[in-house]
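Asker: What shape does this take:
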Amino acid sequence: MINFDFLHFIFIQRAFLAGSFIALLCALLGLFLVLRRMSMIGDGLSHVAFGAVALGLFTGIYPLFVALPVVALGSYFILKLTERAKVYGDAAIGIVSAVGIAGGVILATMAHGFNVDLLGYLFGNILAISGPETIAAITLSIIVIIVVIMFYHDLFSATFDEEQAKVSGIATGRLNTMLVLLTAVTVVLAVRVVGIMLVSALLILPAVTSLQLAKSLKFALLMAAGGAVFSVILGITISYYLDLPAGAAIVILNFILFLIALAVNRTGR
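Answerer: Residues are numbered from 1 along each chain as shown. Prediction:
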């Protein structure tokens, strides 16, 4: 019989609360990114986050405070490289990703004292999330979710037919800028859940899982959100009892859900 006494621990309650909001956020944005074939931007921005966290540790500033503006700037730079420099999206992501990793490695080499702290950000540690971090994660998550809901119809139109959206009067340029900036915020928040190395998985896996079964975008959003939150709650629970890394457990559970959805999809054909 499973003992649920661990739910009385404050650090578990914080992990569940912050993790659920961030998972919901990743699922919503991740679906739009996957459908627009921009899913790898999460991976690129996670590498920028590595450099930003290293910069924060190097300068003695709280790393996530540094990561928010730096990653947002990186996302904007990727977008402008694609639009104005005529660089393909994957190449632009590769350029910014490489610079982020290189900068982080240089800073880690120059300062030998924070390598352990940097490893904590690389692989995540949601069970160590603090009260202020939980409040910040929930607040930013709610703001981003509200923005996504407000611009849902514009995002829907631009996702499936960007040219038609332009003709209809939708400012697709501003919409793309908003999407990449929201993704930047999401990546920074997700660093505490699954770590820099696994952020892109939390953006991609719930989305591709829901697309195996959903027949409409709204249903896909609901399925992605439900699957993401379920994997976070179950992943944290498993990690507590089996003494496993929470971030890795969450990602593996997402992958298992994907395999199940894939099997159901193929069986139904």
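Asker: how about the helices in the stretch 1-150 of the chain?
Answerer: 10-35, 41-59, 63-84, 89-110, 115-123, 131-150 (DSSP state H, counting those that start in this stretch).
Asker: can the ones you listed go into JSON lines with extra columns for mean neighbour count and mean pLDDT?
Answerer: Using the backbone N, CA and C atoms, a C-beta is placed for each residue, glycine as well. As requested, the helices of the stretch 1-150 of the chain are exported to JSON lines (neighbours: other CB atoms under 10 Å; pLDDT from 0 to 100):
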{"stretch": "helix 10-35", "mean neighbour count": "23", "mean pLDDT": "89"}
{"stretch": "helix 41-59", "mean neighbour count": "25", "mean pLDDT": "87"}
{"stretch": "helix 63-84", "mean neighbour count": "20", "mean pLDDT": "86"}
{"stretch": "helix 89-110", "mean neighbour count": "17", "mean pLDDT": "84"}
{"stretch": "helix 115-123", "mean neighbour count": "15", "mean pLDDT": "71"}
{"stretch": "helix 131-150", "mean neighbour count": "16", "mean pLDDT": "84"}
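Asker: where does the spatially most central residue of the chain land in three-state SS?
Answerer: Taking CA atoms, centre = their mean as the criterion, Val187 is the residue nearest the geometric centre of the chain, at 4.1 Å. With DSSP: H, G, I helix; E, B strand; the rest coil as the basis, Val187 sits in helix.
Asker: Next, the contact list for it, please.
Answerer: 42, 45-46, 49, 71, 199, 203 (CB atoms under 8 Å, 6 or more residues apart in numbering).
Asker: for the residue nearest to Val188 when sequence neighbours are not counted, what are its contacts?
Answerer: For Val188, ignoring the flanking residues on the chain, the nearest one in space by CB to CB, 6 or more residues apart in numbering is Ala67 at 4.7 Å. Neighbouring residues of Ala67 by CB under 8 Å, 6+ apart: 49, 52-53, 56, 188, 191.
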